[in-house]
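A.B. asks: Structure, please.
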Amino acid sequence: MALQADTDPAKSYAEGVWVTIASFGGNPLVGAVDALGSGRYPTIPSGTTVMLRGGHEVEPGGWIGDLLIPEEDGADVVLDRLAPRQYDRNCRPLMPALPGEVDVLPPFMLWWMLLFSLSIIARYHPDLWARALAVDESRLAVPLEATLQKARNVLPLLVYEAILVDGAQAREA
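C.D. replies: Okay, the predicted model is just below:
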């Protein structure tokens, strides 16, 4: 589950840097402290303290919490390492690594996997796909439409970055 880091600047204090994170639509069977401490989020440094905000869950599997990261660097530097800005420059997801992996997949690969999976459903199970897109009948219709719209907005930039920005860095190396 990808977590959303607060887009406001993180706060630096003597004991470290506090960063607010939120989980929406996570696994209700896995607690936040277990998820964050399991090594699934490689950008969370060791020694980080996780504190959940009291009260009720945001939704099943959803929660809001704070991380105290024992760092001496400035808050902006810590936030950039923890959850670098993504394609739309307003989004700061804290991405998990796949099970058994150490690195996080780049956004371009994550979008490719998602869209490829959806295309398999659309091609080989067209009745299921049509039912999923029926706004009056499926609770998946609106999130699917929003996801596909986001893909139309994001993918041109990701392709541009993959070809020109990453390609230029590879040629310089």
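A.B. asks: What lies in contact with the lengthiest helix in the chain?
C.D. replies: Counting residues, the longest helix found in the chain (DSSP state H) is helix 141-160. With Cβ atoms under 8 Å, 6 or more residues apart in numbering as the test, helix 141-160 has contacts from 87-88, 107-108, 111, 114-115, 118, 132-135. For every residue, glycine as well, the C-beta is placed using N, CA and C.
A.B. asks: what about the most far-flung residue of the chain relative to its centre, which SS state?
C.D. replies: Outermost residue of the chain with respect to the C-alpha centroid, by Cα atoms, centre = their mean, is residue 127; its distance is 30.4 Å. Per DSSP: H, G, I helix; E, B strand; the rest coil, the secondary structure class of residue 127 is helix.
A.B. asks: how close does it get to residue 134?
C.D. replies: Distance, residue 127 to residue 134, by Cβ to Cβ, to the nearest Å: 11 Å.
A.B. asks: How about residue 144?
C.D. replies: The gap separating residue 144 from residue 134 is 10 Å, by Cβ to Cβ.
A.B. asks: higher neighbour count, the two?
C.D. replies: Each of residue 144 and residue 134 has its neighbours counted (other Cβ atoms under 10 Å); residue 144 has more, 15 against 11.
A.B. asks: which residues in this protein form helices?
C.D. replies: Secondary structure of the chain (DSSP H): helices located at 32-37, 75-82, 107-124, 126-133, 141-160, 166-172.
A.B. asks: wait, isn't residue 83 in contact with residue 43?
C.D. replies: Yes - here residue 83 reaches residue 43: they are 6.9 Å apart, a contact under Cβ atoms under 8 Å.
A.B. asks: Need the overlap of contacts for the two.
C.D. replies: With Cβ under 8 Å, 6+ apart as the test, residue 83 and residue 43 both reach 94-95.
A.B. asks: Looking at those two, which has the bigger crowd around it?
C.D. replies: It is residue 83, of residue 83 and residue 43, that has more neighbours when counted by other Cβ under 10 Å, with 25 against 15.
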